[in-house]
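[1] Let's see this in three dimensions:
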Amino acid sequence: MSAIDLTKAAIVTGDGNGPEDLAVQVLREEVEKRTGIAWKVCSDWPKRKNVIAVATRGPFKLAGRMIPRRKAEDLPESRKEGYRLRVQRLPQGRKVVWIVGADRRGTLFGVGHLLRLLVLSKASAKLPNAVDISTAPAYPIRGHQLGYRDTANSYDAWTVEQYERYIRELAVFGANCIENIPLQDKTNVLMKLPRREMNKRISELCAKYDVDYWVWTPADFDLSNASLRQAAIEEHEQLYRDCRRLDGIFFPGGDPGNNHPSLVMPFLEELSRRLKAHHPKAGIWISLQGFNRESVEYFFSYLKEYDPDWLAGVVAGPSSPPIEMTRARLPRKYRLRSYPDITHTVRCQFPVQKWDQAFALTLGREPCNPRPYFYAHIHNLFAPHTDGFLSYSDGVHDDVNKVIWTRRAWNPEEDVGQIVLEYCRFFFGDDVAGDAAAGIFALEKNWEGPLAANESVERTLDHWRNLEQRAPHLAGNWRWQLLLLRAYYDAYTRKRLVHERELEREAMTILAKVDSLGINGAMEQALQTVKRADVEPFSEDLRKRIEDLCEALFQTIGLQTSVPRYHASGSERGCVLDFLRYPLNNRWWLEDEFAKVRQMPNDEEKLCRLEVIRTWEDPGPGSFYDDVGNIGNSSHVDPLYNLGLGFAWWDGGYSRTRLSSQTYINRPKLRYENLDPEANYMIRVAGFGEALLEVNGERIQPTLYNKAEGQFKEFPVPKRLLASGAIELTFAKPDEDHLNWRHKSRVSDVWLLKL
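    Prediction:
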């Protein structure tokens, strides 16, 4: 069957007072928004038009016509939230597009599916192919956190209308719940409504769209303090009274908060009594985030002893016990929901693997981060242990990831390419959908491997620039702006990286001329060379476009890419504009080091230190250097160990330390071959804390052992370990389980020096 023209179609539905009314409203409004076509809604059948028939399972007829049904048992369209989307041919060639939902939600999700398939343009609406789709969700919980709080990078700037549009758009892709953060954090100048008022309005929107309303409510105070505990209970009860709809209370056990479960469980039991008085079907959920082993054991012992009916389930999030272990130990009466971090790139649950440091320094933790293939895989890896998910999100920068998780929770086998294509068709239009989808996948690949060697980054920008020219009508579309920002930013960062690293190489060449230039002259010329990155114009067209897109995104969706300019709550909260010119060479470090050199008491010490600086990355023939956390400069590091690399966050992201010290692996593995068995070698290590070095599995002793950041440890290599001409370096695990991850030992630089 060829494409079905629905341009002049009519919508046939019930009498205007049924469970499908909202679905009909969404269908009509979304089509009119994109085409200008206002479909007529009828309660009887037009004689000469194609028809879109919207019904909810129950009655056998719609406006006197039999609703097509299948007779088999346990059909997808009869399950909760399921639907059937089917094209039926009528006499005289007319077509009926049936959307029959199992319930109110099913009808809305069926409409969403049709909207994702329709080819819509000005004064035109077509369904490309006849379809017969019967489907129901694989997982019952499918939602996202949209917290109206200060630390969000966009939600806090929204109006009620923007919240409604976003909730509707999530529902189009099959989401059935959202989570607010109603009590945490302060207010700010961006908020359009007081928090209490917006909390009420979000609850009302959830009631309107039949979307479950969850709230995330930690206790970041001491629960043993009776007055603080009582105040929190009263604050909760006020929230419960305010909410028109409330379905779930998510209490994070220890992120934030530091209360033992012996205090937490009675507190939650009391909240449950207050909650049930206002919302009898709502449930209390708890995560074990941040719990130590004893607290985890206490929790499961509590469940075994008390078997609490007031507890609905457990949430598995970042820093929780392994999700498979949690499900195995959790009694079947309790549900398990995941709380995946789809919003962050570093210092998080699912960091970007093998990310280039230049991105970590500039794009930071909350940039536009579409990772469709990665998150499709991650969803399917953990979902079988759960009843679904409600994601951790701090803004719209993860919009593509939200849709990937939603669709994979509906159908774990749904093709990633099809999901992204439907995303682009619905938000950008069919004329650019295929190329926009290819552009999203290209952005994901931009982050693979060493940036300086990744020439595809420029091709990705060319691709998006061509799309810009083809689709000027999308200039005001925030999703379009967001993807463009990433394409421009990636390319600008790569150009800067190549340029600034070359300036540093020139500076090191200048330092080698210390005999002719003098100590101060060599330092001054070297410093002026690396600082050309600050004073000489460079790719100004790209920089200006990035700044314009950041301004546009603040206006269209409230995205806060800067603390001073757009009132972001902190530099780690998506402030890509503030780090647009963060040094990608070591000019800040060199400036500070040269100042220290000038204070040294004699020329001998000065020359010694300058030689260390000059040869840091180039230690000479027969010697080797690895910046272990830099995937572009760590050829001896086992790539499997690169998976555990980390990026430091010091001084609000404006650290002046050497770039290599800001990236690390706690315990890397390195391998060297073709060594001279007759030569003497020394291993030098820089980092922080302990470095319990092993060569070929044998622990060796240092002759120098400084634990401070950036200082050296030195280990002579016993000759007998060099007999084969190859050695492997590993690091034993120090006793640091009691430490926060920020304070654990780490390795940043490793040298094998031929003496």
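[2] Could you pull up phi and psi at R86?
    In terms of degrees, to the nearest 10, the main-chain angles of R86 are phi -140, psi 140.
[3] what bridges to it?
    Listed by DSSP bridges, the beta-bridge partners for R86 are W98, D132.
[4] and it, how many neighbours?
    20 (other C-beta atoms under 10 Å). Backbone N, C-alpha and C define where each C-beta goes, glycine included.
[5] residue furthest from the geometric center of this protein?
    Relative to the mean C-alpha coordinate of the chain, counting by C-alpha atoms, centre = their mean, the farthest residue is S516 (52.3 Å).
[6] quick check, that one in a helix?
    Yes. Checked against DSSP: H, G, I helix; E, B strand; the rest coil, S516 lies within a helix.
[7] Looking at it now. What's its pLDDT?
    As predicted, S516 sits at a pLDDT of 96.
[8] any idea how far it is from L27?
    Distance from S516 to L27, counting by C-beta to C-beta, to the nearest Å: 78 Å.
[9] what residue ranges in the chain score low on pLDDT?
    Scanning the chain for pLDDT under 70 picks out the ranges 1, 641-644.
[10] and it, what are its domains?
    4-135, 141-425, 619-755 (automatic domain parsing).
[11] winner for burial among these?
    Mean neighbour counts were compared across these using mean count of other C-beta atoms under 10 Å; the top stretch is domain 141-425, at a mean of 19.
[12] Could you pull up phi and psi at K122?
    The main-chain torsion angles of K122 are listed as degrees, to the nearest 10 and equal phi -60, psi 120.
[13] can you tell me which residues contact it?
    By C-beta atoms under 8 Å, 6 or more residues apart in numbering, the contact set of K122 is 35-36.
[14] Kindly report the same for the one 10 residues further on.
    By C-beta under 8 Å, 6+ apart, the contact set of D132 is 84-87.
[15] Export those to JSON lines and append columns for distance to N292.
    Putting the contacts of D132 into JSON lines (distance: C-beta to C-beta, whole Å) gives the following:
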{"residue": "R84", "distance to N292": "50"}
{"residue": "L85", "distance to N292": "50"}
{"residue": "R86", "distance to N292": "54"}
{"residue": "V87", "distance to N292": "58"}
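[16] Of the residues you listed, which is the nearest to G313?
    Relative to G313, the closest of the contacts of D132 is R84; by C-beta to C-beta it sits at 30.6 Å.
[17] so how far is I52 from the nearest residue to that closest one once chain neighbours are set aside?
    Excluding the flanking residues, the one nearest R84 by C-beta to C-beta, 6 or more residues apart in numbering is E77, at 3.9 Å. As for E77, its distance to I52 is 17 Å (criterion: C-beta to C-beta).
[18] again with I613
    Shown here: I613 relative to I52, a distance of 71 Å by C-beta to C-beta.
[19] quick one on the thing from earlier: quick one: which of the domains of the chain is nearest N520?
    domain 619-755 (21.1 Å).
[20] Work out the gap between the closest one and the centre of the chain.
    What separates the centre of domain 619-755 from the centre of its chain is 30 Å, taken as C-alpha atoms, centre = their mean, to the nearest Å.
[21] cool, and stretch 581-598?
    Distance, centroid of stretch 581-598 to centroid of chain: 32 Å (C-alpha atoms, centre = their mean).
[22] Dump that stretch to PDB, restricted to CA.
    Once non-C-alpha atoms are left out, stretch 581-598 reads as follows in PDB (Å, rounded to 0.1, in the frame of the first residue of the first chain):
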ATOM      1  CA  ARG A 581      39.100  29.000  26.500                       C
ATOM      2  CA  TYR A 582      40.400  26.900  29.300                       C
ATOM      3  CA  PRO A 583      44.100  26.200  28.500                       C
ATOM      4  CA  LEU A 584      44.700  23.000  26.600                       C
ATOM      5  CA  ASN A 585      48.400  23.300  27.100                       C
ATOM      6  CA  ASN A 586      50.400  23.900  30.300                       C
ATOM      7  CA  ARG A 587      50.800  27.700  30.100                       C
ATOM      8  CA  TRP A 588      49.200  28.300  33.600                       C
ATOM      9  CA  TRP A 589      51.400  25.600  35.100                       C
ATOM     10  CA  LEU A 590      54.500  26.900  33.300                       C
ATOM     11  CA  GLU A 591      53.900  30.400  34.500                       C
ATOM     12  CA  ASP A 592      53.700  29.200  38.200                       C
ATOM     13  CA  GLU A 593      56.700  26.900  37.800                       C
ATOM     14  CA  PHE A 594      58.800  29.600  36.300                       C
ATOM     15  CA  ALA A 595      57.900  31.900  39.200                       C
ATOM     16  CA  LYS A 596      59.200  29.200  41.600                       C
ATOM     17  CA  VAL A 597      62.400  28.700  39.500                       C
ATOM     18  CA  ARG A 598      63.100  32.400  39.800                       C
END
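[23] Check which residues of it are buried.
    Using 16 or more other C-beta atoms under 10 Å as the burial criterion, the residues of stretch 581-598 that qualify are 582-590, 593-594, 597.
[24] Equivalent analysis for stretch 602-618, please.
    Buried residues in stretch 602-618, counted by 16+ other C-beta under 10 Å: 606-607, 610, 613-617.
[25] what are the C-alpha coordinates of stretch 25-37, in CSV please?
    Taking C-alpha atoms only, stretch 25-37 is exported to CSV below (Å, rounded to 0.1, in the frame of the first residue of the first chain):
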residue,chain,number,x,y,z
GLN,A,25,-6.2,16.6,21.9
VAL,A,26,-2.5,15.8,21.7
LEU,A,27,-2.8,14.4,18.2
ARG,A,28,-4.8,17.3,16.9
GLU,A,29,-2.6,20.0,18.5
GLU,A,30,0.8,18.4,17.5
VAL,A,31,-0.3,18.0,13.9
GLU,A,32,-1.7,21.5,13.7
LYS,A,33,1.5,22.9,15.2
ARG,A,34,3.6,21.2,12.4
THR,A,35,1.3,21.6,9.4
GLY,A,36,-1.3,24.2,10.1
ILE,A,37,-4.0,21.6,9.5
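[26] Run through who's touching stretch 695-703.
    Stretch 695-703 is touched from outside by 683, 692-694, 713-718, 721, 727-730, 732, with contacts defined as C-beta under 8 Å, 6+ apart.
[27] In a markdown table, list the domains of the chain along with distance to R545.
    As requested, those are arranged in a markdown table below (distance: least, C-beta to C-beta, whole Å):
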| stretch | distance to R545 |
| --- | --- |
| domain 4-135 | 27 |
| domain 141-425 | 14 |
| domain 619-755 | 23 |
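[28] Out of those domains, which gets nearest to V457?
    Among the domains of the chain, domain 141-425 comes nearest to V457, with 10.1 Å by C-beta to C-beta.
[29] Endpoints of that closest one, how far apart?
    By C-alpha to C-alpha, to the nearest Å, the extent of domain 141-425 from end to end equals 25 Å.
[30] What residues sit buried inside whichever strand or helix holds T493?
    T493 is part of helix 478-511, with elements assigned from DSSP states H and E. Of all the residues in helix 478-511, those buried under the rule 16+ other C-beta under 10 Å are 478-494, 496-497, 499-501, 503-504, 507-508, 510-511.
[31] Stretch 693-705 spans what distance, first to last residue?
    Length of stretch 693-705, first residue to last, C-alpha to C-alpha: 11 Å.
[32] So which other helices or strands are in contact with whichever strand or helix holds E591?
    Using DSSP H and E, E591 maps to helix 587-598. Contact analysis of helix 587-598 by 3 or more C-beta pairs under 8 Å, 6 or more residues apart in numbering; DSSP states H and E lists helix 478-511, helix 519-530, helix 603-614 as its packing neighbours.
[33] picking that back up, and the helix holding T493, how far from the chain's centre?
    When C-alpha coordinates are averaged (C-alpha atoms, centre = their mean), helix 478-511 and its chain have centres 22 Å apart.
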